[in-house]
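Peer 1: Below: sequence and its predicted model.
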Amino acid sequence: MSRFYNLLGVDSPFDPSHRYTTSWLLPPLVLAIIRALFSLYAFVTIFTIFGYDDSHQLSYKARQWFSYFTNLTYCGLAFYFLFSALHTFSYARTGKAWLQLWPRPLQAAHAIFYTTIVTFPFLVTIVYWGVLYKNPWFSIKEEAWTNISQHALNTLYAVFEIFLTRTNPPPPLHLVFLIILLALYLALAYLCHAIQGFYVYGFLDPSTGKGHVAGYCIGILIAACVIFGIVWFVIWLRNKATKNLGKFSHEQGSNRNNGYVEDGEGEVVETTQQVK
């Protein structure tokens, strides 16, 4: 089981140099505040959507809201930045993140959660603007704002986490979990049709041709894999480029934790060993 956790990027001790709660550029408190503001904006957007629909007799939209991949991933952004802000605040205050005190299954879940945050927003943005969006532009300001928030600013959230934190590239095994999540959503989409009688996305309608549906599903799967690969490389490149920059570089910011330390390549080694 320990080997499985290692493959998920959950070593023991977990995150000894606090990569999930530090930035190579920003002090921990500033990072925590920015994450909290991102979370607040996302939650305000979500509740505004529900409030607008309710005040305009569009309650059916609220019932269908959680059927959409866009909305589920946006909720994920809101909750990820909420918890990451709390973890970062705890690190800024005490020098130790709450995340490090969690059981290993929850640490593994957080690691996979992070990977969804830096991959799925790009997939949502590409599919929406490349496939689903049709001219003309939104005539209602509320719709324009919410769509920009969910289909454009969501990518900004991911870019922030990719470029300004110190996280390691996601382990390859995380890609398996991304594929599983996409498969589960596909099952949810057809369950919604069976229960509520509508297809969340038109390209999932078999009446358009089974080959058509299969083509879209395979295309989205390939896009997710490509995005994962690009994100992995960019994070790896960022770590290489910023290894000696900022307060939280390897030389200045690696933290000794119960006899272990993280070396310059992100590997956990005993402090009695020679660090690379």
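Peer 2: Nice, I can see it. Residues are numbered from 1 along each chain as shown.

Peer 1: going forward, measure contacts between C-alpha atoms and count neighbours the same way
Peer 2: Will do.

Peer 1: all strands of the chain, in order?
Peer 2: Here the chain has its strands, by DSSP state E, at 260-262, 268-270.

Peer 1: can you map out the helices along the stretch 151-276 of the chain?
Peer 2: For the stretch 151-276 of the chain, the helices defined by DSSP state H, counting those that start in this stretch occupy 153-164, 173-196, 210-242, 250-253.

Peer 1: Give me whichever of those helices is most buried.
Peer 2: helix 153-164 (a mean of 19; mean count of other C-alpha atoms under 10 Å).

Peer 1: I'd like to know which elements that one is packed against.
Peer 2: helix 69-94, helix 120-127, helix 210-242 (3 or more C-alpha pairs under 8 Å, 6 or more residues apart in numbering; DSSP states H and E).

Peer 1: So for residue 146, which of the ones you listed sits nearest?
Peer 2: Set against residue 146 and scored by C-alpha to C-alpha, the helices and strands packed on helix 153-164 come closest in helix 69-94, at 10.7 Å.

Peer 1: how big is the angle separating that closest one from helix 153-164?
Peer 2: Helix 69-94 runs at 40 degrees relative to helix 153-164, counting by axes from the mean of the first three to the mean of the last three C-alpha atoms, to 10 degrees.

Peer 1: what is the rounded mean pLDDT of helix 69-94?
Peer 2: Computed over helix 69-94, the mean pLDDT rounds to 97.

Peer 1: And stretch 225-233, by the same measure?
Peer 2: For stretch 225-233, mean pLDDT is 98.

Peer 1: Please state the offset of it from the chain centre?
Peer 2: When distances are taken as C-alpha atoms, centre = their mean, to the nearest Å, stretch 225-233 is centred 13 Å away from the chain's centroid.

Peer 1: Equivalent analysis for stretch 155-167, please.
Peer 2: Centroid separation between stretch 155-167 and its chain, computed with C-alpha atoms, centre = their mean, is 9 Å.

Peer 1: just stretch 32-41 next, same as before
Peer 2: Distance, centroid of stretch 32-41 to centroid of chain: 14 Å (C-alpha atoms, centre = their mean).

Peer 1: How about stretch 218-228?
Peer 2: Centroid displacement of stretch 218-228 relative to its chain, using C-alpha atoms, centre = their mean, is 16 Å.

Peer 1: what's next to that stretch, contact-wise?
Peer 2: 119-120, 122-123, 127, 175, 179, 182 (C-alpha atoms under 8 Å, 6 or more residues apart in numbering).

Peer 1: In a markdown table, list these along with pLDDT.
Peer 2: Listed next are the contacts of stretch 218-228 as a markdown table, based on pLDDT from 0 to 100:
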| residue | pLDDT |
| --- | --- |
| 119 | 98 |
| 120 | 98 |
| 122 | 98 |
| 123 | 98 |
| 127 | 97 |
| 175 | 98 |
| 179 | 98 |
| 182 | 98 |
